[in-house]
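[1] all I have is the shape, not the residue letters:
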DNA sequence: GATGAATGAGTATTCATTCAT
DNA sequence: AATGAATGAATACTCATTCAT
């Protein structure tokens, strides 16, 4: 899953696409290890086994590739989540499932964690991009009478902050499924689900 | 309020202490304006009216002063908050008051906002440092039967994440008292206060 | 006028010649727009609708094509001038006519202006190349007793310097027919025509 | 005269001034040898025996030092010329003397030649700077009835072009006093002095 | 202690040129 | 002949850190 995401997508295409993919994978690797601020062009080209000048045959600036990577990873993550959730209708269950899957997905590709977390500084409306699905689930939950919030950027930002915080903690202290469950409870509570109900919903959804 | 924080504390002490304090104040100023990453040694010494070389008579590296500043500002903020809350006994009210005061304090001293926000990368357990008071208030609320959470680093991190998110939003989009109120509601909900009750408690506490 | 100079000359020839001509035309275009120093190989191949690598099937280095372009444009300009002057016998009139026509020609094809002006660094004896005709006219004027100069490289260089200066001024400050007239007067004066006579000769020749 | 112009002026001053002067001298040296376009920062610092970074303690950009050098050399040359001409009242004689001295001065410091010639591209009104004296002499000659020209930028540019051309020729082909004399004659002729008179005036002025 | 001149490793970016396809 | 991907040397500029005065 990690290491060749773009290369896999480009295998079979022309050389240009494959080299471009190699650079993007290298960028994911480097940013994952050192963060966006510290990622250097030479790191990326070295990781891709290319000369530094080759970079500029594919991207105009450092910013461009970082932006590209952040967007692409966000979109990819978003799509993987959506794929897992077809067939779930209940708003709270959708939110819990999505939150849980998202955290697990990220923790399995720590490279992506750094990219998504840092990337929020590089994208115009970054959380919204990654959490496109969230807004829909929230609205659905409100219509179903399960949530009691305004569905606006502030609420989204608050939910995202909770998720980010849980990821960072596990990145630093090690994975802990219990943390992720508690995160889901917190998210439901924040959305206006009664405290007890939040706990039982999570238990039911995640087993 | 800001600008002479360290200098005030050092007035009356020896010259060495006063120069050191001048550098720390300059660092607060510079970091507040440009962020930690972009703050240069020469900015600090210039702001302190010193030659750049003088810096190294007081600090070994750039990292050292940044760390020092982050810690000291965090402690100071924490103490100011505590001072404002003597006499409040009700756990939820304490939490709401503290949260609200903290956000207001930060938004009035954007210098400190940058330091606290950026500084979390420079501190070992940054939230815990600044939010030492929070743990006590949380425990109190739990004992009073008002909160339903485990008082541990994860819960604190989650609350801190909500606060940080609300600050960042207002820093970017402009101050909005309504946002701070909704933040307080969210915090109470997260701590296990029933959704409606959370709203009324905040209204009562903040008028 | 410009744009297909070399291509026209090569039409009907083999493919190799036509591609070569396309590159030369592209070079004229690019150098005219950006100057010799700033002209890039990729600009030229792009303008010619070719891949950058193709360039090196026709020219060894960038310098080579620049040199080639400078020489060829100089020759072409020279020939066009000669063609316009058949039938004029009087030395001073020939010089005035040639000078005036040359300046007008250049100002109408700024591409060529850049090439001729910059090109003087790329050519061995650039003025002599372009101003081959001048030597003959000067000699003729001297024989007719109208000029009082030595016809040698220095005198030619001096005349060329006057012309170049007038072109640059108009390139920078906008076309001004009066400037060109004064230039012609200056040229005649330099060649030893009495000051007043120089003026009347120019008036007569240029109307 | 060449090699330590700025250093001489700065000897006895503080270290900062001396290093700055060393960089300026190094710039003169490098530009003199390679031209402004090709002059590199590292060339200059190497020539001055300094680390490349030191450059930026004294000048913000490459352009800045080139501009500085061009201006300073122009001013210096201008002043040396003026100093030589006190006591000469006759306009034509002043022009001849100045022109002759200028060319000789430049040819003795070929470094300066490149700087002045290239520098005309780097200065806003470059010839006017260097040839400040010329305008005054021209006006004087016109008032004395010796010259018959408009004293405006075009005329100045034309005279300067003649001078530049003569310098370039001697730079390329070797010094030749005869060339400089003929240059002076040409300048007088251009300014409206009768051809024969021009020759005799030059002979008288330059022996 | 204070100064500030000097340092030099580090980095993004350009572009003529090469060469395998 | 044509392609265009890959190359890598070159170069301006930054800034934390050192150290002689």
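    Looks like it came in fine. These numbers come from a predicted model, not from an experiment.
[2] every contact and neighbour count from this point should use C-alpha atoms.
    Noted.
[3] run through the helices of chain A in chain order.
    Ranges of helices in chain A, per DSSP state H, are A:5-10, A:15-34, A:41-48, A:62-84, A:91-108, A:110-119, A:126-130, A:132-143, A:153-173, A:177-190, A:195-206.
[4] residues in contact with residue A:59?
    residue A:65 (Cα atoms under 8 Å, 6 or more residues apart in numbering or on different chains).
[5] confidence score at it?
    Looking at residue A:59, its pLDDT reads 96.
[6] same thing with residue A:7?
    Looking at residue A:7, its pLDDT is 86.
[7] burial count for it?
    For residue A:7, the neighbour count with other Cα atoms under 10 Å in any protein chain shown is 20.
[8] quick one: it from chain D, how far?
    41 Å (Cα to the nearest Cα, to the nearest Å).
[9] coming back round to it: would JSON lines of the helices of chain A with distance to chain C be doable?
    Formatted as JSON lines, the helices of chain A follow (distance: least, Cα to the nearest Cα, whole Å):
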{"stretch": "helix A:5-10", "distance to chain C": "24"}
{"stretch": "helix A:15-34", "distance to chain C": "15"}
{"stretch": "helix A:41-48", "distance to chain C": "23"}
{"stretch": "helix A:62-84", "distance to chain C": "22"}
{"stretch": "helix A:91-108", "distance to chain C": "43"}
{"stretch": "helix A:110-119", "distance to chain C": "34"}
{"stretch": "helix A:126-130", "distance to chain C": "37"}
{"stretch": "helix A:132-143", "distance to chain C": "41"}
{"stretch": "helix A:153-173", "distance to chain C": "46"}
{"stretch": "helix A:177-190", "distance to chain C": "54"}
{"stretch": "helix A:195-206", "distance to chain C": "58"}
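[10] out of the ones you listed, which comes closest to residue B:31?
    Comparison of the helices of chain A against residue B:31 by Cα to Cα identifies helix A:110-119 as nearest, at 19.7 Å.
[11] mean confidence score for that closest one?
    Rounded mean pLDDT across helix A:110-119 is 80.
[12] with stretch A:188-202 instead?
    Per-residue scores along stretch A:188-202 average to 97.
[13] ok, of the helices of chain A, where does mean pLDDT dip lowest?
    The minimum mean pLDDT among the helices of chain A belongs to helix A:126-130 (a mean of 62).
[14] quick revisit: so which of the helices of chain A comes closest to residue C:56?
    Closest approach to residue C:56 among these is made by helix A:15-34 (21.9 Å; Cα to Cα).
[15] and that closest one, does that touch chain B?
    No: Helix A:15-34 is not in contact with chain B by Cα under 8 Å from any Cα of the partner chain; minimum separation 13.5 Å.
[16] quick one: contacts for residue A:155?
    Residue A:155 makes contact with residue A:149, according to Cα under 8 Å, 6+ apart.
[17] how's chain A carved up into domains?
    Domain assignment for chain A by automatic domain parsing gives A:5-59, A:66-206.
[18] about what we covered before: so can I have JSON lines of the helices of chain A showing distance to residue C:63?
    Formatted as JSON lines, the helices of chain A follow (distance: least, Cα to Cα, whole Å):
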{"stretch": "helix A:5-10", "distance to residue C:63": "40"}
{"stretch": "helix A:15-34", "distance to residue C:63": "30"}
{"stretch": "helix A:41-48", "distance to residue C:63": "31"}
{"stretch": "helix A:62-84", "distance to residue C:63": "32"}
{"stretch": "helix A:91-108", "distance to residue C:63": "54"}
{"stretch": "helix A:110-119", "distance to residue C:63": "45"}
{"stretch": "helix A:126-130", "distance to residue C:63": "49"}
{"stretch": "helix A:132-143", "distance to residue C:63": "55"}
{"stretch": "helix A:153-173", "distance to residue C:63": "57"}
{"stretch": "helix A:177-190", "distance to residue C:63": "66"}
{"stretch": "helix A:195-206", "distance to residue C:63": "71"}
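[19] once you drop chain neighbours, what's closest to residue A:51?
    Closest residue to residue A:51 apart from its sequence neighbours, by Cα to Cα, 6 or more residues apart in numbering or on different chains: residue A:45 at 6.1 Å.
[20] so that neighbour sits against residue A:24, correct?
    No: in this structure residue A:45 lies outside contact range of residue A:24 using Cα atoms under 8 Å: 9.8 Å.
[21] more neighbours: which of the two?
    More neighbours surround residue A:24 than the other of residue A:45 and residue A:24, with 26 against 20 (other Cα under 10 Å).
[22] run through the residues that contact that one.
    Neighbouring residues of residue A:24 by Cα under 8 Å, 6+ apart: A:6, A:65, A:69.
[23] how many neighbours does residue A:38 have?
    Per other Cα under 10 Å, the neighbour tally for residue A:38 reads 11.
[24] check residue A:51 too.
    11.
[25] where's it relative to residue A:25, distance?
    As defined by Cα to Cα, to the nearest Å, residue A:51 lies at a distance of 16 Å from residue A:25.
[26] show me which residues of chain A sit near chain B.
    A:154, A:157-158, A:161-162, A:165-166, A:169, A:179, A:186-187, A:189-190, A:192-195.
[27] redo the domains of chain A as CSV? Include distance to DNA strand F.
    As requested, these are exported to CSV (distance: least, Cα to the nearest atom of the strand, whole Å):
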stretch, distance to DNA strand F
domain A:5-59, 3
domain A:66-206, 18
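[28] residue C:149 is nearest to which of those?
    Closest to residue C:149 of these, according to Cα to Cα: domain A:5-59, at 57.2 Å.
[29] residue A:21 and residue A:68, how far apart?
    Residue A:21 is 11 Å from residue A:68, where distance means Cα to Cα.
[30] so for the two, which sits in the more crowded spot?
    Remark: of residue A:21 and residue A:68, residue A:21 carries more neighbours, 22 against 17, as counted by other Cα under 10 Å.
[31] need the contact list for that one.
    A:6-7, A:9-10.
[32] neighbours around residue A:161, how many?
    22.
[33] surely it touches residue B:163?
    No: if you go by Cα under 8 Å, residue A:161 and residue B:163 don't touch, sitting 9.0 Å apart.
[34] for residue A:5, see how far away the closest residue to residue A:55 other than its chain neighbours is.
    Spatial nearest neighbour of residue A:55, excluding adjacent residues (Cα to Cα, 6+ apart): residue A:45 at 6.6 Å. Note on residue A:45: its distance to residue A:5, by Cα to Cα, is 17 Å.
[35] do the same with residue A:42
    For residue A:42 relative to residue A:5 (Cα to Cα), the value is 20 Å.
[36] next: residue A:166.
    As for residue A:166, its distance to residue A:5 is 25 Å (criterion: Cα to Cα).
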